[in-house]
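# The following block contains a protein sequence and its predicted model.
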Amino acid sequence: MRFANTRQAYGVISIGLHWLIALLVIGLFLLGLYMTSLDYYDPWYQAAPDMHRSLGIVMVVLLLFRLLWRLISPLPEPVGNDPLILRRAAELVHWGLYLLLFAIAVSGYLITTADGRGIEVFGWFTLPALLPAFDNMEDVAGEVHWVLAVVMLTLVGVHSLAALKHHFIDRDATLMRMLGRPRRS
């Protein structure tokens with residue numbers, strides 16, 4: 001398998017980034033839900049948010065690399081016979097996912113830095129608090145973070161259903177290409 005995309009197939013870098021970011025998004029959502037159920041005396045009360053924040057920063061770095069890689073290694077040609085409107089809708093969903101991921105990360109950053117402290121990332125470095133806080137910043141950013149996360153998972157569901165439609169109904173190679181399998185005849 002090639003590292004870069006070709007006109008017919010995704011390369012190993014695009015495939016790896018896609019699935020790694022997908023796992024991080026789902027894991028971050030589940031960890032975020034779990035964190036809200038913890039009480040002060042739970043051993044994960046401090047560790048879970050620290051892990052959530054660190055993984056969120058890692059996800060943003062991977063997302064930036066993915067967008068850069070997308071510029072360097074253009075996407076393969078679509079394999080389905082979808083009408084133009086569906087192909088445009090798919091593009092909008094993809095760009096919507098990217099935009100939502102960044103917006104979720106910014107709102108998470110605002111939640112965490114509302115008290116003026118930076119974000120410790122796995123003990124490797126601290127991302128400083130650069131923006132001045134405003135009244136109720138943590139609460140407002142928290143609400144935005146939650147709503148955007150739910151919208152994100154909804155779009156992930158639409159994206160997944162579209163991949164399954166391509167595989168089971170259209171019987172084309174769209175899903176198999178993102179799994180690293182060669183094009184079916």
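All right, it came through fine. Please read these numbers as outputs of a predicted model, since none were measured by experiment.
# What segments of this protein are strands?
According to DSSP state E, the chain carries its strands in the segments 119-121, 125-127.
# Centre of the chain to stretch 131-142, how far?
Centroid separation for stretch 131-142 versus its chain: 23 Å, with CA atoms, centre = their mean, to the nearest Å.
# Any idea how far apart the tips of that stretch sit?
Stretch 131-142 has an end-to-end distance of 16 Å (criterion: CA to CA, to the nearest Å).
# Can you lay out the strands of the chain as TSV showing mean neighbour count and mean pLDDT?
Any C-beta I mention is one placed from the backbone N, CA and C, and that applies to glycine too. Shown next, in TSV, are these (neighbours: other CB atoms under 10 Å; pLDDT from 0 to 100):
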stretch	mean neighbour count	mean pLDDT
strand 119-121	17	97
strand 125-127	13	97
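# can you pull the contacts of Ser107?
141-142, 144-145, 148 (CB atoms under 8 Å, 6 or more residues apart in numbering).
# quick one, which of the strands of the chain is nearest to Asn5?
Of all the strands of the chain, strand 119-121 sits nearest to Asn5, with 29.9 Å by CB to CB.
# what comes into contact with that closest one?
With CB under 8 Å, 6+ apart, strand 119-121 has contacts from 50, 53-54, 57-58, 109, 112-113, 126-127, 129.
# Return the subset of those lying in helices.
Per DSSP state H, helices hold the following members of the contacts of strand 119-121: 50, 53-54, 57-58, 109, 112.
# Looking at the strands of the chain, which is nearest to Gly32?
strand 119-121 (15.1 Å).
# The closest one pairs with which strands?
Strand pairing for strand 119-121, using DSSP bridges, gives strand 125-127 (antiparallel).
# which other residues reach the strand it pairs with?
57, 109, 118-121.
# Could you identify the most distant pair in those?
Distance extremes for these: the farthest pair is Tyr109 and Glu120 at 13.0 Å, using CB to CB.
# Name the residues contacting each of the two.
In contact with both Tyr109 and Glu120: no residue, using CB under 8 Å, 6+ apart.
# got the contact list for the worst-scoring helix or strand of the chain on mean pLDDT?
Within the chain, no helix or strand scores below helix 174-178, which has a mean of 93 by mean pLDDT, DSSP states H and E. The contact list for helix 174-178 (CB under 8 Å, 6+ apart) reads 9-10, 15, 18-19, 76, 78-80, 163-164, 166-167, 182-184.
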